[in-house]
Structure formats: C-alpha cells, structure tokens
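K.L.:
give the three-dimensional model of this entry:
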Amino acid sequence: MAAGQEAHEIRRYAEEVVLAVRSDPATAEQLLLKIDSLVGQTHNPVFEAFSQRAKGHLLHVRGDLTEAVRRYRTALTLFEQCQDKVERARTASTLVGALVPLGEYEEALRLAEQARQVFQEANLHNRVARLDVNVGNLYHRLNRLEEALQSYERAAVFLENSDDYEAAAGVLINRSVILMLLYRFNDALEGLNRARAFSEKHGLTVFAIQSDYNRAYLLFLMGQVAQALKLLDSVEEAFENIGDRVHVALCRLDRAEILLKLNLPEYACELARSAEDIFRNCALNGDRARAFLLIGRGVLQSGATLEALGHYKEAKRLFQVQGNVIWAAVADLEIAAGLMESRKWSEAESLAEEVGELFRSHHHLTFSALADALSARLCIERKNPDRALSFLRRCEESLRHQPPAWLRFHLEHLRGRALQQQGRPEDARERFIAATEALEFLLTQISVDQAMVCFLEDKEEVYERLACVSEDVRQAFESADRARTLALSTTWNAHDAPKETSDKVQHLRETLRSDYLRLFQVGERQPLSLLEKIKAIEYQLAQELLERDFRRAEPARFQGYPRTVDLADDEVLLEYFLKESTVSVFILRNDALQWLNLPISTSELWQEVNFTRYGLFRATDPRREPALRHHLRRLFDALIGPLLPLLRKRVVIVPHRFLHQLPFHALLSPSGYLADEYVVSYAPSAASYESLRGDRAVSSCTSLAVGMEASDAPGIRSELAVVADKLPNCTVSINQRLENFRPVLEKAAFVHIACHSVFRADNPACSLLSLGSDVLTPMDILEVPIQADLVTISGCSTARVCVRGSEIQGFVRAFSMWGVRSLIASLWDVSDDATSKLMHSFYGRIQDSPDLAENLRSAMLDLRREFEHPYYWSGFILIGRQKLGASWCCFKNSFRESNCTERSNDNT
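P.N.:
Down below sits the predicted model:
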C-alpha cells in the first residue's frame, strides 16, 4: 500500500473510531486493530499519534480517564513533533474534555485557548464549536453555569446544522443540563427529549442513554421521585452493559441523593460508597469528593455528626486540590449544617454567611440561595425572625425560576416559622399551607409505601404549626389530623399490579423464615450471631423490595381529606395533640367540634405514661397496685376529667405519639374505670375512621382461624376451636405456611390469628407473628390483599406501634392499609390464660350482636371478675369501626349452614 493511501486509511479509521466508540464499541475495537496493523508496518510517528488518540477516545468513553489522558498526551506530543498544528489542536480539544472530570482545570483552559486560536486561524468552525462544548463542560465543573450555557449556545448554533451528529447530540444534552441546574425545568425537559430523539435517529446509543440519565435527575428535581429512580435503574443497567463504569457510579450517586431526600440514609450511603470506590479507581477526585458529601449527609441523618464532618472535610480537601473553589464552598455549607446539628449556632452561622458571600461573588445564584436558606434556618433557631426573613427574601431573588418541590417545601416552611415567631399567624398560615401543598405533591410522586413512611418521619412539624396558627378550630383539627393520615391516604395502587418476585427476594424470604422460626425455638437465649444475621438479611430484603417497587411505581392516587367526619349521636371522637410543651385535645361530635388545652405538660404526661406502664407490667407484685391506681387516676384527671361533660356513650380515641402505648379504657376515675361507663375504641386518625364508615361488598361470608400449636402455647388449639365454632364457614389452619391458607385469607370476612408474637421496636415492619411452620411480618401482610371486616390478632403486643414523625408502623398500619374495618390487637405481652378466656367471652357474643366494641368491653368486664389487675383484662383494644357492617347480615345468614374445615401440620 502506498504511503499516501496508508495515511488516508489511518485518518479514515481514526475518524470512524470517534463515531463508533459510543454507538458500537465492538466495531471501534476492530478499527483500532486495523490502525495498529498499519502503524506496525510503517513506524510513522504521525500514524502513531492517530493511533494513540483513537485509543484515548475508546478509553475515554469507557470511563478510564487516567489512561485516556495518557494516550491523548502522547498523541499531542507526537503531533507537535511532526508540526501538525491542526491535529495537535484537535487532540488538545479532546484532551480538555478528559481533563475536566480529573480536575485539571488550569491545563484544560490553557489547551482550550491554544486550540481555539489554531481553529479560528484555519476557519475550522466545526472544531471551534466542539471546543466550545468542552469549555462549556469545564465551566460546568467550575459551577460557572451562565458561562457554560453561553459556550453551549455558541456551539449549538453551528453543530445543529452540521453533519457532526455526535457533537450535536452532546451539546443538546449539556445545554439541557445547565438549564436544569438553573431551574429552567420545562426548557431542560424539552431539550433532553429532543436530544434523545436526535440520538436515536442517528444511532448514537450512548448519547440516548446519557439523555435518559440526565432526564432522570431532572425528574427528581421536578419532584417525580419514583419515575426518576425507575429511570436511573434502567440507565445504570444500560451503562453496565456497555462497560461505562464511571456513569454507573454517577447513576448510583444520583440514586443516593434521592434516597437521602426520602430519609433512607443506610441505602444512600451504600450507593455513595460504591460510587466513591469506582471514582477512586478511575482517579476522578472531583466525583469522589461529591460522593463524600453524600456519605456525610447520610451519616449525619443517622446521627453521627462527627463522622459526617470528617467526610465533609475530606470532600473539601479534594475540591481544594483541584482548585474548585465553588465546590469547596459547598463542602463548607455542609459543614455548617453539621455544626448546626451539633447546636454550635455561632460557628454554623458565621460559616454559612461566609460561604454565601463567596457564592455571590462568583455569581452562583443557586448555591447562594441554599446558603441563605441555611442562614435563615439558623436565625430561626436563635429566635431572630427579622434577619431570617431578610435571608429568605434574598434567597427568593436568587431563584429566578421555580425551585424544586423539595426546596419549595423547605423555604415555605422556614417562612412560616419566621412569620410565626414575628406574631403574624395569618401570614404564617399561608406559608405553611404552601409547604403542605409542596409536601403532598411530593408524596404522590414517591408512591412507594416504604419510602413514603420514611419520608414523612420528619415532616409532622409543618402540620402541627399549621394547626397552631389556624384561624378556627376546624382548620386546626384538619391540619393536626392530616399529619396522621398522610401515608394512609394514598390508595393502595401499589397492589393493583401483580407482584413479581425475583429469585433473590424469594431466597431472602426463605432464609429469614427459617431464621425467624429458629429464633422462636431458641427462646430467650438468642445467639448474637443469629440476631445480627437476621438484621443483615432484613436490610437486604427491604432494599430489594424498595428497588422492586420503584421499578414498577406509578404516581399515587392521593385521597382528599374528608369534608366531614360523620359520627353517630352516641359517639364522640377525642383526638389528642401533643406539642413541645403542651397537651390539648380535639373533641368531635356530630353537632360540635371543640379544642381544649389539658392541665398537664407533655413532659409530665410522658412520665405518667411510663409510670403507668411500669405498674401494669408488675401484676404479680401487689405492692405496686396502689402506685398504679394513683397514676391511672392522674391520667384520668388530666386526659378525661376535663372532658366529662362532653363525652357520650361511645368514645373513639385517636392517640398521639407515646399515647399509643396507653390503655385509655383502663384510666381510673373516682367511680371506676373508664370502660365501666363508656364503650371505648381507637383509630389512627379521624379521617381514617371516617374512611371505614361505609360498607364494602362482602365477596364471601367465610372465616379463617389460623395459628400455631406448640408445647409452650397449649391453649391456642382450644382457642381456635372456640373461634371456629362461633364464626361462619370457618377454615382452621394450624402450623401451616402462608401459601397454604392465603386463598382463604384473601377472601375471608373474619380472620382470627392466635400465635406467639414479637414487636420489633428497632424495625416495626419486621415484627413477627409465629404460626408454627411460618412467620408473618407487616411486610408480608402488605403483600396479601385482605378484605376482612374483622381481624383479631390474639398474640403479644400486636397493637403496639412505633411512632416515627406522623406515622404509626407495625401490624396496625399494615392491616389499616388494606381497609380492614375493625382490628382487635394487644398493647403488651398478654397472659395466655386471660387471653383465651377473653376471646371465648368475646366470640360468644358476636353471634347475637354486631357491636364489636360493646362485645369486647363486656368480655373485659367478665374477665375482671377473675383478674382484677388491669394487666390481664385491658391489654386488647379495638381499632377502627365499633360495629360490623354488611358482613354481620351475611354472618347471620351463613352461620346456620356453616361448617368447619381444619388444616393441620403437626410436623413443625
């Protein structure tokens, strides 16, 4: 082959490599082999330069930037030796793009200016445009966003009308990213959709994936959380398939940031650490530093402030090494937030203001707004609302476009707090309403139950403050009740589609089932290794289920708050409201709503509840009874006494926070226990109580009695026999696995579960019901579409809940999510003998009366004749509607013809 022909072939192959590396990496590798073959035949330094640059392109796309830069620099030196100014400038322009992620900003700017001069002298407008793309990337890294946008706009003018499709796709994506970071969301979304369509049209697979990657982050900023995580999951897989480890890590970093917003720090830290490991291996210190910032946020959320500050300082060091002043200041902003959590107000305030000034001096308005928001929060904490509002006004001026819903919620909440401190309740109310609107928009977009519950853990305050500044009692009541209803008010559309169960999920569940059963077998002597193993597998399973649910999530259908809560003439609903220092109660009847402050502080009430529970659990020590009766009277005087003129025969209690632990029906008046005169039931919220009012169609009037039989629970079989005798068309399932009785469970109108149980305060979603051959958790219940009108869980602590923020967690919530009208469960570890007698008495009345609350009350009074101590008779409560609905008519009609079917497996 002639030398001229060889030179032509080398150049052609090198250009084809550039086109192929993103759309067809395998072809690119074949072309590189051809180039190497020609270089080996000629030993021409120019040919070697083309070869080195082409290899650099492939390594660059694959994320091996360190090796790519080495190849580019070799090519740069060879072209310079051969005095090929244009090819050297082309190589320099490409090298700029690789140096930027590595933080080599000064060299990148110097090479860019050199290349620009050569391209302009040679009238190579296409090359100038591509260089502008790389310079735009450089300004983006330095957070000089307006300058980056100008560079991309200049490049786009030429490239969109050229046949350089790769460069055109790149500039469309990059321009959209800057618009996104400037909070011009609609423009950004239009640009990314256009970039994806362009890339697909011209076969640029990698650019199409990158469009989706950036669109996912945009969806997150727009509040569409579930859709963002779903898209990131598929994009990460696509990057894995083409071997782009850097973008895999970037996907994990974005997922971590989203999960932190959802209050899921453990999962977020795991992803951020995985990303940091990849960045470290690729020598991407700027991205490593960003990973450290997210790890710091995660450990700060988990309460490890000192560890978080260490991560922030390491991030700052890495940014400073790169000369990235803006991101080093971002690290300082995170440090200020950590100092605030440590209550080091002065240090945090000084640092936040210093960082804000730096951002303004560099015209970085977005970060300036974030710094002002932190300064405003610090001023509010130090009771300086005037200064806080000044910071918030400047923050609003900096955000020229609509901020993300996350930030909108935060800013409106801060404005409301500052206005409240100024004594302007009407203005504060407007701001709190705006904050709740942003919050509830986000909830509809999260849509995955586990994530919604975690997200709401620290959001109750805005509803409490809204209640405190509301114009009238009705508004205050709705605000307070709304907080307790939020995660129960999304329709359970997560279950509309069938659940696909991966092999991994199935394996984790089976492993847990086996370990849970072993846990019950070993009793109190539980080996630490087993407990640690169980917690590790629970974490893995929760993570797998979270990712599964996000993959198929759709926006939730959010139910509106009911216009009214209809109560019967003989009903009153008492909704308690615990603020930082005061205790109050809303009294709702069918003809009136009142709001009263109660004569006890929150701290005093906390002490009284603790003393009461201590006494309840010392039933075998008669010396404790006088003290218990004293505290039960004090609680009656504080919580019920002031309301006596307003009570009616039926009392529905809506507890708040630690009051979920209290048996109100056992509070003691001078004339006797509350249950002596009133029929008492409980509800998670007024709105949830109202949602259960109507009758739903009864698909089948069948019943299920399920439980275990073991030597340490000899009364369960007889209890199940009694229940089966009293319920219509009852299937009895003893020592069976869930899959064996699930078809009956899904359709049964009445369900009774008699078992050993364990409440997990550390992880309420993994509380346990032991059925002999199987173990059920609240997570399992959420997987089974239950239609029952009445569910009774005859076990220990099955009504106990963990109250995090506004949400209760445990079996009560799991059954409530399915709309079970009435649930009977226990507040503590109950006596087996007393429980058996209570259930016998309760079910003995159910055939004659649909009044579940009265039946349970009568059963308690019966039991008191034998067991006077409240521990024995007051442990069970009714949650939900007090009376059976349409199912009772079905019950009466079906019972005459009912029969009992027993399924048993004694080989446990």
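
K.L.:
so when I look at I877, I'm seeing a strand, right?
P.N.:
Yes - under DSSP: H, G, I helix; E, B strand; the rest coil, I877 sits within a strand.

K.L.:
V652 in helix, strand or coil?
P.N.:
The three-state assignment at V652 reads strand, by three-state DSSP.

K.L.:
any idea how far it lies from A592?
P.N.:
15 Å (Cβ to Cβ, to the nearest Å). Every residue, glycine included, has its C-beta placed from N, CA and C.

K.L.:
of these two, who's got more company?
P.N.:
Between V652 and A592, counted using other Cβ atoms under 10 Å, V652 has the larger neighbour count: 25 against 10.

K.L.:
partners of the residue lying closest to the more buried one once chain neighbours are set aside in the sheet?
P.N.:
What sits nearest to V652 in space, not counting adjacent residues and going by Cβ to Cβ, 6 or more residues apart in numbering, is L573, at 4.4 Å. Beta-bridge partners for L573, by DSSP bridges, are L588, V652.

K.L.:
what residues are up against the closest residue in space to L229 that isn't next to it in sequence?
P.N.:
Once flanking residues are discounted, L229 sits nearest to F550: 4.3 Å by Cβ to Cβ, 6+ apart. Under the criterion of Cβ atoms under 8 Å, 6 or more residues apart in numbering, the neighbours of F550 are 226, 229-230, 233, 448, 451.

K.L.:
how about Y614?
P.N.:
Neighbouring residues of Y614 by Cβ under 8 Å, 6+ apart: R624.

K.L.:
and for I173?
P.N.:
Going by Cβ under 8 Å, 6+ apart, I173 touches 191-192, 195, 207, 210-211, 214.

K.L.:
rerun that using 10 Å as the cut-off
P.N.:
Listed by Cβ atoms under 10 Å, 6 or more residues apart in numbering, the contact partners of I173 are 133, 152, 191-192, 194-196, 198-199, 207-208, 210-211, 213-215.

K.L.:
in strands, which of the residues you listed fall?
P.N.:
When DSSP state E defines the strands, the subset of the contacts of I173 inside them is empty.

K.L.:
ok, the residues you listed vs E237, which is closest?
P.N.:
Of all the contacts of I173, the one with the least separation from E237 (Cβ to Cβ) is Y213, at 11.6 Å.

K.L.:
isn't the closest one right next to R252, touching?
P.N.:
No - applying Cβ atoms under 10 Å as the test, Y213 and R252 come out as separate, 11.6 Å apart.

K.L.:
mutual contacts of the two, please.
P.N.:
Common neighbours of Y213 and R252 (Cβ under 10 Å, 6+ apart) are 232, 236.

K.L.:
the contacts of F550: which two are farthest apart?
P.N.:
D233 and A451, at 13.9 Å, using Cβ to Cβ across those.

K.L.:
those two: which has the busier surroundings?
P.N.:
Neighbours per residue (other Cβ under 10 Å) separate D233 from A451, with A451 holding more: 26 against 17.

K.L.:
OK, contacts around the more buried one?
P.N.:
Each residue near A451 by Cβ under 10 Å, 6+ apart is listed here: 225-226, 229, 258-259, 261-264, 267, 443, 487, 546, 549-550, 553.

K.L.:
ok, now L264?
P.N.:
Taking Cβ under 10 Å, 6+ apart, we find L264 in contact with 256, 258, 271, 298, 301, 450-451, 454-455, 542-543, 546.

K.L.:
can you do 7 Å?
P.N.:
Residues near L264 by Cβ atoms under 7 Å, 6 or more residues apart in numbering: 451, 454.

K.L.:
separation between it and E608?
P.N.:
35 Å.

K.L.:
circling back to that earlier point, SS state for the residue nearest to L229?
P.N.:
What three-state DSSP gives for F550 is helix.

K.L.:
cool, and Y267?
P.N.:
Here Y267 is helix, with the state taken from three-state DSSP.

K.L.:
look at it and report its pLDDT.
P.N.:
For Y267, the model assigns a pLDDT of 95.

K.L.:
what about A761, how many residues nearby?
P.N.:
Neighbours around A761, by other Cβ under 10 Å: 12.

K.L.:
state the mean pLDDT of the helix or strand hosting A75.
P.N.:
Using DSSP states H and E, the element containing A75 is helix 65-81. Averaging the model's pLDDT scores along helix 65-81 yields 89.

K.L.:
likewise for stretch 210-220?
P.N.:
Averaged over stretch 210-220, pLDDT sits at 96.

K.L.:
quick one: distance of it to the chain centre.
P.N.:
19 Å (Cα atoms, centre = their mean, to the nearest Å).

K.L.:
likewise for stretch 595-604?
P.N.:
Worked out by Cα atoms, centre = their mean, stretch 595-604 lies 33 Å from the chain centre.

K.L.:
again with stretch 837-855
P.N.:
Distance of stretch 837-855 from its chain centroid, counting by Cα atoms, centre = their mean, is 41 Å.

K.L.:
ditto for stretch 184-195
P.N.:
Relative to its chain's centre, stretch 184-195 lies at 27 Å (Cα atoms, centre = their mean).

K.L.:
E538: which of the contacts of I173 is nearest?
P.N.:
For those, the closest approach to E538 (Cβ to Cβ) belongs to Y213, at 31.4 Å.

K.L.:
and that closest one, how many neighbours?
P.N.:
If you count neighbours by other Cβ under 10 Å, Y213 ends up with 23.

K.L.:
for the one 4 residues further on, same thing?
P.N.:
Neighbour count of Y217, defined by other Cβ under 10 Å: 23.

K.L.:
give the contact list for it.
P.N.:
228, 254.

K.L.:
for stretch 125-143, buried residues please.
P.N.:
By neighbour count on 16 or more other Cβ atoms under 10 Å, the buried set for stretch 125-143 is 127-143.

K.L.:
gap between G303 and K535?
P.N.:
18 Å.

K.L.:
give me the more crowded residue out of these two.
P.N.:
K535 (14 against 10).

K.L.:
next, give phi and psi for the more buried one.
P.N.:
With angles defined as degrees, to the nearest 10, K535 sits at phi -60, psi -40.

K.L.:
for it, give its distance to P527.
P.N.:
Counting by Cβ to Cβ, the gap from K535 to P527 is 13 Å.

K.L.:
can you pull out the helices in the stretch 101-250 of the chain?
P.N.:
105-121, 125-141, 145-159, 165-181, 185-201, 205-221, 225-242, 245-261 (DSSP state H, counting those that start in this stretch).

K.L.:
the residue sitting nearest the centre point of the chain: helix or strand, and which one exactly?
P.N.:
Among the residues of the chain, the one closest to the centroid is A451, at 2.8 Å (Cα atoms, centre = their mean). In the assignment (DSSP H and E), A451 maps to helix 449-455.

K.L.:
then that helix to CSV, C-alphas only?
P.N.:
Presented in CSV, the C-alpha positions along helix 449-455 are these (Å, rounded to 0.1, in the frame of the first residue of the first chain):
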residue,chain,number,x,y,z
ASP,A,449,-45.0,2.8,50.7
GLN,A,450,-41.7,2.1,52.5
ALA,A,451,-40.3,5.3,51.0
MET,A,452,-43.4,7.4,51.9
VAL,A,453,-43.2,6.3,55.5
CYS,A,454,-39.6,7.2,55.9
PHE,A,455,-40.0,10.5,54.0
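
K.L.:
quick one: average pLDDT of that helix?
P.N.:
For helix 449-455, mean pLDDT is 80.

K.L.:
show the average pLDDT along the helix or strand following it.
P.N.:
Of the helices and strands lying after helix 449-455 in sequence (DSSP H and E), the nearest is helix 460-468. Confidence over helix 460-468 (mean pLDDT, whole number) is 91.
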